[in-house]
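> Prediction below, plus the sequence it came from.
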Amino acid sequence: LNKMRTATIIGLAIVSLIFDRIYSSKPIVEDRSDRKIAFLFLTRGALPLEDIWREFFRWKGNTSLYTVYAHPHHGYKYPPTSFFHGKEVKSDVGKVKWGGLSQVRAMKNLVRSALEDPLNEWFCLMSETCIPLIPFPKWRNAMLANNKSIVNACPMHPSEMETDSRWKPSLDKVGMNKSHWRKSANWFALIRKHAYVFVNETKLEPGWEGVTCCDEHYLPSILAYYGLDNETTCTDGLAHVNWPSLVAMHPKSYGPDEINAELFAYFERPVGNHAGFSQQCSGFPEVCHFTARKFGQHTKYTLLDNLDLILSDEEHPYTGNPWDHHQDKLRVNHTTNGSIYYLIENGILREVPDNITMAAFHVKINVPVAPLTEEDKRIYPMGSPFPSRQDGTLLKMPKKLQLWLLKGGHRHAIPNMDTFYSIKPPLNLKDIVVLSESDIEQIPLGPPIPNVSTVGKI
């Protein structure tokens, strides 16, 4: 046993020396001005927030200083109008099970593809529900100023790492022991040396089959196994993630009505005031969190309206136009009964019913518009029409009592029926339009209609 232990220690020392020599996190040359940040997107398919990322890369971004890779579900290809078109990585993983070893292998595929570019120095993993919190120059400068991976490969209390509940005997069989066990959020930023270790580790991988939530444990544990834990930030705060409780299965999802300056100020602080899973900042003094999640597709338009909260900094306030790409997604079908306009939204064709709704999506028809082609119909499924943004439209969600009145492009909550019947011109309950939560929440929220009811008032 002593000989085996000695051989293991010597072997790890040699491995560490090789990694240090070949993939040192220290600069190989003095000039690092050409070093890139690799952005890795692990997705199920379409990225509903891709317009946010498109503008992130366009505003103060430099195409020679970043690379983008995406791993959607097996067989999915991004359509030509997508920012991620042509950025899919080759993968033989097949169906990816969230939290399973197949997810880890998909993550490896992303990192492996990015390693092919010798100038990629940092490897940042995101999901389709992540948004950036800072402009690209600040992101890159913070990364290049530091040399530790944003991963928590350091030991925590066994209860926080869920050692006893998730450890499998198969891990013992491949040579791991519980002293190597770690837990970290799977949204990471790796230095090149650690990226190489991650994708080339094959000795331990078979033992992880069937480990619960191995996406949270595999990477930090193998870094600890190879004695590299002290080269990580010992935090996992690349992404701000709000877990409602210690036993919650899913993090909080933010809605469009929560997007304001106060929320983004909240993202600049640690989630909690103690060490632990997904609780602290990134570990970099320049930036607390680089991204935040979860944001659904219904938040896109509100986020686009508030991009100054993301892309402005002390020297360069955001003055871009995040809407001009919408014009490229507009299609027209000229018929004998008139022209019908469609907008490609999240990979789906949806009819735009009128000019007021057209204006809400910041598209114009007084300029040349691409015709709807048979190729468009083949690539993009036809979805339901967008709801009209006409003033006076009454809206509600299925199985919900709340009514909204559209006015000036915003939805205004009607607090009670007394107020409903007081509105002029009179409203009719028969005119209520029932829409999905996603469609209603895409319409900006305005102040509620003033309450005229005397019930409950003193």
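Looks like it arrived, so ask away.
> CA only for contacts and neighbour counts going forward, please
OK.
> can you give me the strands in the stretch 1-150 of the chain?
36-42, 66-71, 120-127, 131-132 (DSSP state E, counting those that start in this stretch).
> Could I get those strands in TSV, plus columns for distance to residue 381, mean pLDDT and mean neighbour count?
Formatted as TSV, these follow (distance: least, C-alpha to C-alpha, whole Å; pLDDT from 0 to 100; neighbours: other C-alpha atoms under 10 Å):
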stretch	distance to residue 381	mean pLDDT	mean neighbour count
strand 36-42	23	97	24
strand 66-71	21	97	22
strand 120-127	24	96	23
strand 131-132	26	97	22
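> closest to residue 56 out of the ones you listed?
Comparing these against residue 56 with C-alpha to C-alpha, the closest turns out to be strand 131-132 (7.4 Å).
> if we can go back for a sec, could the strands of the stretch 1-150 of the chain be laid out in TSV, adding distance to residue 377?
Converted to TSV, the strands of the stretch 1-150 of the chain look like this (distance: least, C-alpha to C-alpha, whole Å):
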stretch	distance to residue 377
strand 36-42	27
strand 66-71	24
strand 120-127	28
strand 131-132	30
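> Would you check that residue 35 makes contact with residue 140?
No - the criterion here is C-alpha atoms under 8 Å, and residue 35 misses it with residue 140 at 9.2 Å.
> Now do the contacts for the residue nearest the centre of the chain.
Geometric centre of the chain, nearest residue: residue 130, 1.7 Å, by C-alpha atoms, centre = their mean. For residue 130, the contact set (C-alpha atoms under 8 Å, 6 or more residues apart in numbering) comprises 239, 291-295.
> Recalculate using a threshold of 6 Å.
292-293 (C-alpha atoms under 6 Å, 6 or more residues apart in numbering).
> how near is it to residue 48?
10 Å (C-alpha to C-alpha, to the nearest Å).
> same question, residue 355
Counting by C-alpha to C-alpha, the gap from residue 355 to residue 48 is 24 Å.
> Mind listing what's buried along stretch 86-98?
87-89, 91, 96 (16 or more other C-alpha atoms under 10 Å).
> Please apply the same query to stretch 361-372.
Quick answer for stretch 361-372 (16+ other C-alpha under 10 Å): 363, 369, 372.
> which one of those residues is nearest residue 414?
Checking the buried residues of stretch 361-372 one by one against residue 414 (C-alpha to C-alpha), the nearest turns out to be residue 363, at 29.7 Å.
> show me where pLDDT drops low in the stretch 151-300 of the chain?
Low-confidence segments of the stretch 151-300 of the chain (pLDDT under 70): 245-248, 271-279.
> For it, just list every one of the strands.
189-191, 239-241, 291-293.
> could those strands be laid out in TSV, adding distance to residue 386?
Listed next are the strands of the stretch 151-300 of the chain as TSV, based on distance: least, C-alpha to C-alpha, whole Å:
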stretch	distance to residue 386
strand 189-191	38
strand 239-241	31
strand 291-293	26
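> I'd like those strands as CSV, with mean neighbour count appended.
CSV is the format used below for the strands of the stretch 151-300 of the chain (neighbours: other C-alpha atoms under 10 Å):
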stretch, mean neighbour count
strand 189-191, 27
strand 239-241, 29
strand 291-293, 22
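> how about these, which one is nearest residue 398?
strand 291-293 (26.4 Å).
> Show me what the closest one is packed up against.
strand 131-132, strand 239-241 (3 or more C-alpha pairs under 6 Å, 6 or more residues apart in numbering; DSSP states H and E).
> partners of that strand, with directions?
Next to strand 291-293 in the sheet, as set by DSSP bridges, lie strand 131-132 (antiparallel), strand 239-241 (parallel).
> Residues in contact with the first one: which ones?
If I follow you right, that is strand 131-132. 291-292.
> which stretches of the stretch 101-250 of the chain form helices?
Under the criterion DSSP state H, counting those that start in this stretch, helices of the stretch 101-250 of the chain are mapped to 101-115, 136-144, 158-161, 163-166, 169-173, 192-200, 218-225.
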